[in-house]
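Visitor: Sequence first, predicted model second:
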Amino acid sequence: MSIRVENLTKTYKKQNAIDHISFDIKSGEIVGFLGPNGAGKTTTMKILTCYLPPSAGKAYVNGLDVEENSIEVRRQIGYLPEHNPLYTDMYVKEYLQFVGSVYKIKNKHSRVKEMISLTGLEREQNKQIGQLSKGYRQRVGLAQAMIHDPSVLILDEPTSGLDPNQIAEIRHLIMNIGREKTVLLSTHIMQEVEAMCSRVMIINRGEIVANGQTGELKHLFSVGNTLLATFNKTISGEFLASLEELGEVKSITGTTYSINSSKEEDQLKSEVFNFAVKHQLIITEMKMAEHSLEEIFKNVTKSNA
């Protein structure tokens, strides 16, 4: 396992920021770490990166205890915090050379050149960091996180505040990185998670409330089944009341309706078909809707509201 967490707890005075959480992350996984603000994501990441000591429990990176082997753990982890702390008066290339010196990298100059190329900073390498857009600052942050060639990357909100084009570029970069490294990624953007992550963990009020592949979570935590049905004409008010007996009905377009019901899929399809026959309607299309990760997130964290 690249990361192993066992009954990890962090207490501030009498409040648990994280409360006896446990999880494993295998080598080569890109795992999305989701949760509402204040749920414990950043606290967990800071413990894994040796910035905070746990109050109880254990955390391991590549088999190394983060408390007993903090220096070696730092060598094996690349960390991009949510608020990317850069020396804005330094030039990009100069800064990366400085970070390389801190890690005592032997082939520092060639490694800096490689990171500049990997993160698409060629045109910006001779600029001061303070002159860069936020998107390029994030690239510098990723470059410094990877310059010592860590096997594990921990990224806290790496696309926060970026425009759609910048988000797409950083997402592509992270996916390329994830082919060779283990990545733990915190974000509030659900589309990012579905596009990049092989697995999702959701934390709420300091506890892990969901952990699994996206498809598994959609199956486990979806509330009821949702059927999308398109008819040959708009359903009249008197017929609509009959359809609403099957579940919650929403009009999607003029002739397409979603029916959310606690009924099993086959039963729901059968009853919608019988409804159409009874009211002399033709079904032109009928399919089950897939619940989104956003819906699941809301379902398992709603107690946080």
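Guide: Alright, I've got the coordinates.
Visitor: For stretch 34-49, what is the distance to the chain centroid?
Guide: Distance, stretch centre to chain centre, for stretch 34-49: 12 Å (CA atoms, centre = their mean, to the nearest Å).
Visitor: In contact with the residue nearest to the spatial centre of the chain, which residues?
Guide: Compute the mean C-alpha point of the chain, and by CA atoms, centre = their mean the closest residue is residue 32, 3.3 Å away. Going by CB atoms under 8 Å, 6 or more residues apart in numbering, residue 32 touches 185, 186, 187, 192, 193, 196, 197, 199, 200, 201. (Each C-beta comes from the backbone N, C-alpha and C, glycine too.)
Visitor: which ones among the residues you listed are found in helices?
Guide: 192, 193, 196 (DSSP state H).
Visitor: Just confirm residue 100 contacts residue 110, I think it does.
Guide: No: Residue 100 is beyond contact range of residue 110, at 10.0 Å (criterion: CB atoms under 8 Å).
Visitor: List the buried residues for stretch 44-63?
Guide: Across stretch 44-63, burial judged by 16 or more other CB atoms under 10 Å covers 44-50, 52, 54, 57, 59-62.
Visitor: And for stretch 267-278?
Guide: Buried residues in stretch 267-278, counted by 16+ other CB under 10 Å: 268, 269, 271, 272, 275, 276.
Visitor: mind listing which of these are in strands?
Guide: Within those, no residue falls in strands by DSSP state E.
Visitor: which among those gets closest to residue 239?
Guide: Closest approach to residue 239 among those (CB to CB): residue 275, at 8.0 Å.
Visitor: Bridge partners for the residue nearest to the centre of the chain, pull those for me.
Guide: Applying DSSP bridges to residue 32 gives these bridge partners: residue 185, residue 200.
Visitor: Per-residue confidence, it, what does it come out as?
Guide: We have a pLDDT of 94 for residue 32.
Visitor: any idea how far residue 260 is from it?
Guide: According to CB to CB, to the nearest Å, residue 32 stands 26 Å off from residue 260.
Visitor: quick check: domain ranges of the protein?
Guide: 3-212, 220-295 (automatic domain parsing).
Visitor: nearest to residue 302, of the ones you listed?
Guide: domain 3-212 (8.9 Å).
Visitor: Over to that closest one now: how far is its first residue from its last?
Guide: Start and end residues of domain 3-212 are separated by 16 Å (CA to CA, to the nearest Å).
Visitor: For stretch 49-66, which outside residues touch it?
Guide: Residues contacting stretch 49-66 (CB under 8 Å, 6+ apart): 1-11, 20-22, 43, 46-48, 67, 70, 72-74, 76-77, 79, 151-152, 154.
Visitor: Tell me the gap between that stretch and the middle of its chain.
Guide: Relative to its chain's centre, stretch 49-66 lies at 22 Å (CA atoms, centre = their mean).
Visitor: average model confidence for that stretch?
Guide: 96.
Visitor: Ends of it, what's the gap?
Guide: This stretch, stretch 49-66, spans 8 Å end to end (CA to CA).
Visitor: More neighbours: residue 100 and residue 110, which one.
Guide: residue 100 (21 against 11; other CB atoms under 10 Å).
Visitor: and the more buried one, helix, strand or coil?
Guide: Three-state call for residue 100 (DSSP: H, G, I helix; E, B strand; the rest coil): helix.
Visitor: Spit out the contact partners of it.
Guide: Residues counted as contacts of residue 100 (CB under 8 Å, 6+ apart) are 108, 111, 112, 147, 148.
Visitor: repeat that for 6 Å
Guide: 108, 111, 112, 147 (CB atoms under 6 Å, 6 or more residues apart in numbering).
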